[in-house]
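> Using only what follows, build the 3D model:
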Amino acid sequence: MKASYSYIAIALYLVVVVLLGKADVSMAVTCNPTELSPCAGAITSSTPPSTICCTKIKQQKPCLCQYLNNPNLKKFVNTPNARKVARTCGTPFPKC
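Numbers count the residues shown, from 1 in each chain. Predicted structure coming up:
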């Protein structure tokens, strides 16, 4: 009888591990600077950022240091307006 409870416990443990593993995979961020295109207007002018822009910045936050370290992207991402947009969206600019 004790052996059957052990098997049930092990099976439940495996189900939890599998479900948690799938949750981590679905939460992974794909770094793609084109995802920030809804912010282009706000970064190049004094227009306030849209809700979509703020959502994209928050999604891409783990990627911002990667963008700042890329010489081709740094000139767009590391500007006073880009910092202002990030601050307005409630996403602190990273210190890389």
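
> Could you say which helix or strand holds the residue nearest the centre of the chain?
Centroid-nearest residue in the chain, with CA atoms, centre = their mean: Gln59, separated by 3.2 Å. Per DSSP states H and E: Gln59 is located in helix 51-60.

> Show residues contacting that helix.
Contacting residues not belonging to helix 51-60 are listed as 29, 31-33, 35-36, 38-39, 42, 49, 67, 85-86, 88-91 [CB atoms under 8 Å, 6 or more residues apart in numbering]. (C-beta placed from N, C-alpha, C; glycine too.)

> Could I get the buried residue list for that helix?
Cys53, Cys54, Lys56, Ile57, Gln60 (16 or more other CB atoms under 10 Å).

> Show the contacting residues for the residue lying closest to Cys31 once chain neighbours are set aside.
Sequence neighbours aside, Cys63 is the residue nearest to Cys31 in space, at 3.7 Å (criterion: CB to CB, 6 or more residues apart in numbering). Neighbour list for Cys63: Val29, Cys31, Asn32, Pro33 [criterion: CB under 8 Å, 6+ apart].
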